[in-house]
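kindly generate the corresponding structure for this input.
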Amino acid sequence: MLIKTPDNSVHKGFTLIELLVVISIIALLISIMVPTLGRAREQARRTVCMSNKRQMGIALSAYFVSFNNRFPSSSCRAGQPEKYWLSVLAGFTKQPLLFRCPSDKSELKFVDWTQPLAEQLANHPEGLRYSSYAANNLLDDVVYDVPGNNGRFNNLLAIKSPQNCIWISESPQHWTGTDHSHPEHWFGNINVAKRHVDWNRHSGTSNYLFADQHVENLKIEDTYNINGDCLWFPDSAPGWPEWMRNSPF
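This next block holds a predicted model:
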């Protein structure tokens, strides 16, 4: 579009249609870029979470040396902040451990493990999140209602296939007052399992720390499939224990 000015010079301007076209192109580019940036941010958060779990694995290796290949206890057995498994591991690594996953969107307050727990609980009757992570109860030092367990799989050397057995998963965002899960109570039902693992925290996946200290990002169906693998039972992983296959549930 040509515009004639008072001094008879001519300048080229934009018509309304041209402006609308430019604005539409910019809007289209933004609509394309925003989801990509969102995915990139989540990828970064997932990477931070995986790195944090790798540090847990390094700390666990050091803990094994000091405690004869035994795993630290869950809060059910500990009862004191200084004995909580993640707090314990924090003392075995030079890299600070994150108690909150960057993708954990819970609005609940987290426990400050440097302060007395009882006082914090008294001030927060709604409950407090212990961390974004949960230990596998089947690797604890005391286990109930599981045939042949009795806490014997608290020792790394007793686990059939440590590279196939999950020790740490990601806990649901509404959980308070607990730091461990109970795979023995999922009864082969993937929908029950999904209520005890934040399986969708990282775009349909979550991060898992295995008993041999390696970390994987997996779909929960890859860890718990009644017609396939089960990576939760220390006596049979990656298979299913016979008592689970014969369960009436």
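
count the residues that sit near C101.
26 (other Cβ atoms under 10 Å). Bear in mind the C-beta positions are built from the backbone N, C-alpha and C, glycine included.

next, give phi and psi for it.
phi -70, psi 140 (degrees, to the nearest 10).

tell me the contacts of it?
When contacts are counted by Cβ atoms under 8 Å, 6 or more residues apart in numbering, C101 touches R45, C49, N52, S132, Y133, E170, R201, N207.

what is the nearest of these to D222?
N207 (12.5 Å; Cβ to Cβ).

ok, back up a step: would JSON lines of the contacts of C101 with distance to K83 and secondary structure be doable?
Supplementary listing: the contacts of C101 in JSON lines, determined by distance: Cβ to Cβ, whole Å; DSSP: H, G, I helix; E, B strand; the rest coil:
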{"residue": "R45", "distance to K83": "29", "secondary structure": "helix"}
{"residue": "C49", "distance to K83": "24", "secondary structure": "helix"}
{"residue": "N52", "distance to K83": "21", "secondary structure": "helix"}
{"residue": "S132", "distance to K83": "19", "secondary structure": "coil"}
{"residue": "Y133", "distance to K83": "16", "secondary structure": "strand"}
{"residue": "E170", "distance to K83": "22", "secondary structure": "strand"}
{"residue": "R201", "distance to K83": "27", "secondary structure": "coil"}
{"residue": "N207", "distance to K83": "24", "secondary structure": "strand"}
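
mind picking the two most distant members of those?
Going by Cβ to Cβ, the pair spanning the contacts of C101 furthest: R45 and Y133, at 14.6 Å.

so for these two, which residue has more residues nearby?
More neighbours surround Y133 than the other of R45 and Y133, with 28 against 17 (other Cβ under 10 Å).

so what's that one closest to, chain neighbours aside?
I168 (5.3 Å; Cβ to Cβ, 6 or more residues apart in numbering).

the one you found pairs with what?
A135, L209 (DSSP bridges).

look up how far K105 lies from it.
19 Å (Cβ to Cβ, to the nearest Å).

rewinding a little: most neighbours, which of the contacts of C101?
Neighbour-wise, the contacts of C101 (other Cβ under 10 Å) top out at Y133, 28 neighbours.

my read: that residue touches D179, true?
Yes - contact criterion Cβ atoms under 8 Å: Y133 and D179 qualify, at 7.3 Å.

quick one: common contacting residues for those two?
In contact with both Y133 and D179: L86, S171, using Cβ under 8 Å, 6+ apart.

hmm, F71 is touching N154, no?
Yes - at 5.3 Å, F71 counts as touching N154 under the criterion of Cβ under 8 Å.

any common contacting residues for those two?
Shared contacts of F71 and N154, counting by Cβ under 8 Å, 6+ apart, come down to L139, D140, D141.

on the three-state scheme, E216 is what?
Per DSSP: H, G, I helix; E, B strand; the rest coil, the local secondary structure of E216 is strand.

how near is it to R46?
For E216 relative to R46 (Cβ to Cβ), the value is 12 Å.

more crowded one of the two?
The neighbour count for E216 versus R46, taken as other Cβ under 10 Å, is higher for R46 (20 against 17).

that one sits in which helix or strand?
Per DSSP states H and E, R46 falls inside helix 16-66.

tell me where the protein has strands.
For the chain, strands defined by DSSP state E occupy the ranges 2-4, 10-12, 133-136, 166-170, 180-181, 206-210, 215-218.

what is the mean pLDDT for the fifth one?
What strand 180-181 shows for mean pLDDT is 93.

which residues does that strand contact?
S74, S75, C76, A134, A135, N136, N137, D140, S169, S171, H196, V197.

if you set the cut-off to 6 Å instead, what comes out?
For strand 180-181, contacts defined as Cβ atoms under 6 Å, 6 or more residues apart in numbering pick out S74, A134, A135, N137, H196.

thank you kindly, that will do.
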